[in-house]
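>>> Give me a 3D structure for the following:
(chains A and B)
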Amino acid sequence: DAGITQSPRHKVTETGTPVTLRCHQTENHRYMYWYRQDPGHGLRLIHYSYGVKDTDKGEVSDGYSVSRSKTEDFLLTLESATSSQTSVYFCAISGKDNQPQHFGDGTRLSIL
Amino acid sequence: AQRVTQPEKLLSVFKGAPVELKCNYSYSGSPELFWYVQYSRQRLQLLLRHISRESIKGFTADLNKGETSFHLKKPFAQEEDSAMYYCALRPYTDKLIFGTGTRLQVFP
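The predicted structure is shown next:
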């Protein structure tokens, strides 16, 4: 398995609170991604990064921000969590342009 | 618009029966397609990639550009194949577009 660690693995929080999810990789891969997985929607891209301090929006970026200050870490922040952001969040990484993406174990986030 | 369609939310078969999970895509360029599998509450794992043309765990998938399809097939299903299967399209080098997934249930 690719060296990808997501933390926390589970989190329950209240509406309006800030939440930060962390993705850590040991593969020195250039590309990192954040997806959310919801029934009936599959996986949808939130944000991605193609290098340190280089990030871009995905399909469902509203309400989320990201930061990548080091190659190995990609942080996803919900500035003010809403119940619609209850989901399972997956991080993925890939190296060179033509390599497939490999996924982390996911973070189950519940916002009450 | 680029899109991946998996028309079946659930596919149920008995052990030993053939399986075909459907995937259709819309993309005007030359596509790169993948199948990922997710066993219960685990991470997504790459199952197949069309350019490699290999068989993994008995599964195969052929890209049909005329029908814009990339169906996943296995001649004899096993109980351990029960999982969620996602088809994905990579239109650019750095992004994936996923279908909504098909849950495969294999009964003994």
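
>>> Report pLDDT for B:Glu8.
According to the prediction, B:Glu8 has pLDDT 96.

>>> ok, and the closest non-adjacent residue to it?
Leaving aside its chain neighbours, B:Glu8 sits nearest to B:Thr102 (4.9 Å; criterion: CB to CB, 6 or more residues apart in numbering or on different chains). (Glycine included, C-beta is placed from N, CA and C.)

>>> surely the one you found meets B:Met84?
Yes - at 7.3 Å, B:Thr102 and B:Met84 qualify as touching, with contact defined as CB atoms under 8 Å.

>>> Summarise which helices and strands the helix or strand containing B:Gln105 is packed against.
Using DSSP states H and E, the element containing B:Gln105 is strand B:102-107. The contact analysis (3 or more CB pairs under 8 Å, 6 or more residues apart in numbering or on different chains; DSSP states H and E) places strand B:102-107 against strand B:10-14, strand B:19-21, strand B:83-89.

>>> so which of those comes closest to chain A?
Chain A lies closest to strand B:83-89 among the helices and strands packed on strand B:102-107, at 6.0 Å (CB to the nearest CB).

>>> So is the helix or strand following that closest one next to chain A?
Following strand B:83-89 in sequence order, the next helix or strand is strand B:97-98 (DSSP H and E). Yes - applying CB under 8 Å from any CB of the partner chain, one finds strand B:97-98 touching chain A at B:Phe98.

>>> Please apply the same query to stretch B:69-88.
Yes - using CB under 8 Å from any CB, stretch B:69-88 reaches chain A at B:Tyr86.

>>> That stretch: end-to-end distance?
Length of stretch B:69-88, first residue to last, CA to CA, to the nearest Å: 11 Å.

>>> starting at the chain centroid, how far to it?
6 Å (CA atoms, centre = their mean, to the nearest Å).

>>> So which bits of that stretch are buried?
Under the neighbour-count criterion of 16 or more other CB atoms under 10 Å in any protein chain shown, stretch B:69-88 has B:69-72, B:74, B:77, B:81-88 buried.

>>> what's the answer for stretch B:32-46, then?
B:32-38, B:43-44, B:46.

>>> try stretch A:61-73
A:61, A:64, A:66, A:68, A:72.

>>> quick revisit: okay if I get the helices and strands packed on strand B:102-107 as TSV plus distance to A:Gly40?
Listed next are these as TSV, based on distance: least, CB to CB, whole Å:
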stretch	distance to A:Gly40
strand B:10-14	12
strand B:19-21	17
strand B:83-89	12
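
>>> Contacts only, for A:Cys23.
A:4-6, A:32, A:34, A:73-76, A:91, A:93, A:104 (CB atoms under 8 Å, 6 or more residues apart in numbering or on different chains).

>>> For chain B, tell me which of those show up nearby.
A:Gly104.

>>> Buried by neighbour count, from the contacts of A:Cys23: which ones?
A:4, A:6, A:32, A:34, A:74-76, A:91, A:93, A:104.
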